[in-house]
Structures are given as structure tokens and as C-alpha cells.
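> how would this look folded up:
(one chain, ligands or ions: 2)
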Amino acid sequence: MSTADSQIPLWMNDKFIMSAICHYENNPQAKVLQYSIEPAKKSGGNQGGSAVYRASIIYCSNSIIDKIFTIIKTQPVVENAEKFEDETAFNVETSMYKILSKIQLLMQSIGDSDVLCPRLIFQSMEPQPVIFLEDVHMNAFDFMIDTIPEDFEFSKMIARRLGKFHAGSYYLNKIKQFNPAYFTFSIYEDYQCINMLFDKPLRIFIEVLSTWKGYEKYVEPLRAFRKNFASLGLKSYKPHKGSTTINVLNHGDFHSRNVLFKRDLDGTLSDMIMLDFQTCVFATPAIDLTYALYNFVSDSNRNKHRDEFIAIYHQQFVETLKQLGYQKHIPTLMDLQIEMLKNGNLQVITAICLKYLSYFDYNTLEPEDLTNGMRSIKIKAFNSNGFKKMIEQELPRFLYSGII
Ligand SMILES: Nc1ncnc2c1ncn2[C@@H]1O[C@H](COP(=O)(O)OP(=O)(O)O)[C@@H](O)[C@H]1O
Ligand SMILES: [Mg+2]
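Residues are numbered from 1 along each chain as shown. Ligands and ions are numbered 1, 2, ... in the order given. You can find the predicted model right below:
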């Protein structure tokens, strides 16, 4: 019945597919007639992150024959490991899909037909943590962006969608529909990760900056920031109490590989869907908004329209809450701007440590660039015209608004 392929885990067998379909159809008599599974990512579905497979399944339930196209997401096989080390990410994603379907129902109840995420078809922690999702390529969400479009309308679409998603989670939290304690992911708890991803690039950037003329005034504040960024980050990833603070469910990893787009006939990106909810965190919306500002707003639009982007998100957040009949205090735009400022540490980290690779010219790659923790790639990227142009717009704001 299946496609024999050494890259497909043995447990993804007839019995497993059958139990998924019976569960999906809520019918123990449902029968799988035919299915095929193939890796959805290159190199056997194991290029970091999860192992992802595409499965098409033809089945019969209550005398009706149907076909579904699914994505099967599971943990990559770790050689010699008996049991997967960490199931938390899959538990978070499964819990999150349940909340997302509640938000989706709320949106439908107010006549909003936007689709936030793929439909969850089946999930199980046995024999391995696994999630079956509808394959959204079939719904024409088949495009991933490589570079951020210059069209600000595109960025506005992102701001609005994020506003809806966050408003739904804000509302559900206020009516106690989920337990925020399930969503406590924080990259800042992983010292090895923050050392490699944030501290090293910061250190090298400060070294590079010290060689640029006219930038001396930023060096000391950045050195001080480097000492504090980890504790500031820990704080940003925790929910806060207070009448003007805002807590929402953040996607937590809101970058371009986790969003698929639909294109109109003229190529305009007209609709989007979010993927990959393994790092969701209940905390300030500044987390996703910062990701959004740097991953879905071009450098020139961020300079021109930063506040407008935040205001469009806020306008949507308020509108959705009002449509849902939310009667209590709704955070004001100023509350949100204060969140962005108080969590400005996230912007510094994103601008310096997460953006530099997108400015690296891979045509200049030499073998030694890959040695010594890719130090020379960082130096080349920080000294590139694109990065320099971006960061010289950001540094004065970081300094004069007290973020560094
Ligand atoms: N429901 C889906 N429909 C279509 N493609 C998907 C779906 N879920 C994941 N993918 C594809 O698989 C890739 C990896 O999935 P993702 O959930 O981001 O896992 P991870 O980043 O943890 O490996 C996505 O970038 C996308 O290309
Ligand atoms: Mg992903």
C-alpha cells in the first residue's frame, strides 16, 4: 500500500495510517485503500528542526471514498537514541493547534474567513510524537518568500493577521480558555543557544563597530547591553501583571520559513498561513511584533513606516476584540508602544544577531569562512553595505530611546 522508501520511518506503516484515518473520521470501520509517503524536505526530511513528510491517503468511510493530502511532522531520528529527548515542543504544538481552532471558530463567528493555520488532522505521542496536518499547498498556499517584498501592503497583511491571532489569544485567555503555563518556551533559558546565536555575534559586531569611524558613541552602550541582554531576554519571555501590560500567545518563531503565501495571477502575495507552533510563548506581543518588523518589513519600509506598522497591528487587535464583544479595557496604542520600548532588547538582538546572515554575499564564501565559529562570515556580513545601511538607521534609535 505504501511507498517503500528507506527514508520513511518504519513505524509510519499501514497500521499507523489506518489508526490516524479512523481517528480523523471518528469511525473505527474506516479503511485506508491506498497511501503514499515521501519526505517533504530535501535530504530525507532531516535538515534540522522537525522531520516532515507528505502523505496522500485514499480511504473509505461510511461507503464514501475520499482522498486527503497531509503533512506528517515528527521528530528527526537521533542515531542510537532509544527515546526522543524532548517531547515538549510537540506537546506545545498540539495544545496550540487546539487553541488555534478555537480562535478560528471565534473568527468565523464574526464573519472573518481568514485562515490562521493548517487544520490538525491527527496527533499522537505514540509510537513517536507526531502531528498530521492538512497539506496547505493543496489550498494554494505554495509560496515562501526569500526576500522581503518592498510593497508595504504586504507588510500590512502580516500586521493585520498577527493582530487577529494575538487578539484571539488575548480574548481566550481573559475568558480562561487555556492554561498559559503550557506556553513558557524561552530561547533565553538555553544558555548554549544564546551564547552561540546572540552573544558571539554581539561580541564580534562590537569589535567591528569599534573600527568604524563616527560610531564610537555606540560602542560602550553596546558593551553594557551585551552584559544585560540575557537577563532582559528572560524577562521579556515571561508574562507580566499590571493594568497596562499585554500578554498574548506569541508564535515565537515568526520568520519567513514559517509562513506560506498565496499569490494572485499578477504575483501579488494576497494571503498567508502560519506554520510551526512549537515555540509558542505567552508573554508580551513585542516578541512576535519584533520578529515581524525585521522579517516581514523591508529595511526601507521599517525606517519609513515602523510606527504605522505597529499601529496597523494595534488597530486590528482592537477591532477583533470589539467584534468579539470584549467589554473590558483594551490595551491602547500607547500601552503597546511602551511594550515595544520596554522590550527593545529584542529589537537589538534581532537587528544585530538574527539579520546579519541575510546580508552575507555567498559568492564571497571561502573555505576558511566556515572555520572558527564562522567568525569571518560574521565580520564580512557586518561590514557589508546592506547591513551597515540597516544598522546605521537602527543604532541612533536604540541609543536615544534608552534601549542600549
Ligand atoms: N501543513 C503544511 N502544509 C504544507 N507545507 C507544510 C505544512 N507544514 C509544514 N510544511 C512545510 O514543511 C516545512 C517545515 O515545517 P515546520 O512546521 O516549519 O517544521 P520545522 O521548522 O520544525 O522543521 C515548512 O517550512 C513547510 O515548507
Ligand atoms: Mg519551521
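> From here on, just use CA atoms for contacts and neighbour counts.
Will do.
> remind me which residues of the stretch 151-300 of the chain are low pLDDT?
Low-confidence segments of the stretch 151-300 of the chain (pLDDT under 70): none present.
> Could you give the number of residues near the closest residue to ligand 1 within it?
Nearest to ligand 1, among the residues of the stretch 151-300 of the chain, is Asp276, at 3.7 Å (Cα to the nearest ligand atom). Counted with other Cα atoms under 10 Å, residues neighbouring Asp276 total 23.
> Show the contacting residues for the residue lying closest to it once chain neighbours are set aside.
Leaving aside its chain neighbours, Asp276 sits nearest to Asn258 (6.1 Å; criterion: Cα to Cα, 6 or more residues apart in numbering). When contacts are counted by Cα atoms under 8 Å, 6 or more residues apart in numbering, Asn258 touches Met274, Leu275, Asp276.
> need the residues of the stretch 51-200 of the chain near ligand 1, please.
Counting by Cα under 6 Å from any ligand atom, the residues of the stretch 51-200 of the chain close to ligand 1 are Val52, Ile71, Pro118, Leu133, Glu134, Asp135, Val136, His137.
> which of those count as buried?
Val52, Ile71, Pro118, Leu133, Glu134, Asp135, Val136 (16 or more other Cα atoms under 10 Å).
> quick one: the strands in the protein?
Using DSSP state E, the strands of the chain run over 31-39, 51-61, 64-74, 120-124, 130-134, 248-250, 259-263, 269-274, 281-283.
> Point out the other helices and strands that the first one packs with.
The contact analysis (3 or more Cα pairs under 8 Å, 6 or more residues apart in numbering; DSSP states H and E) places strand 31-39 against helix 14-25, strand 51-61.
> What is the neighbour count of Lys31?
19.
> typo on my end, Glu220
13.
> 228 is where my numbering starts, stick with that
Sure thing, new numbering starts at 228, so read that last one as Glu447.
> distance of it from Gly494?
According to Cα to Cα, to the nearest Å, Glu447 stands 46 Å off from Gly494.
> the domain parsing of the protein - what is it?
The chain resolves into domains spanning 228-311, 370-627 when parsed by automatic domain parsing.
> ok, and for whichever helix in the chain runs longest, which residues are buried?
Ranked by number of residues, the top helix in the chain under DSSP state H is helix 526-550. Judged by neighbour count using 16+ other Cα under 10 Å, the buried positions of helix 526-550 are 526, 528-529, 532, 536-548.
> which strands and helices sit next to it?
Counting by 3+ Cα pairs under 8 Å, 6+ apart, helix 526-550 packs on helix 379-401, helix 513-522, helix 560-569.
> Turn these into JSON lines, columns for distance to Val319 and mean neighbour count.
JSON lines is the format used below for those (distance: least, Cα to Cα, whole Å; neighbours: other Cα atoms under 10 Å):
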{"stretch": "helix 379-401", "distance to Val319": "15", "mean neighbour count": "21"}
{"stretch": "helix 513-522", "distance to Val319": "17", "mean neighbour count": "23"}
{"stretch": "helix 560-569", "distance to Val319": "25", "mean neighbour count": "17"}
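> who touches Pro376 in this structure?
By Cα under 8 Å, 6+ apart, the contact set of Pro376 is Phe523, Val524, Ser525.
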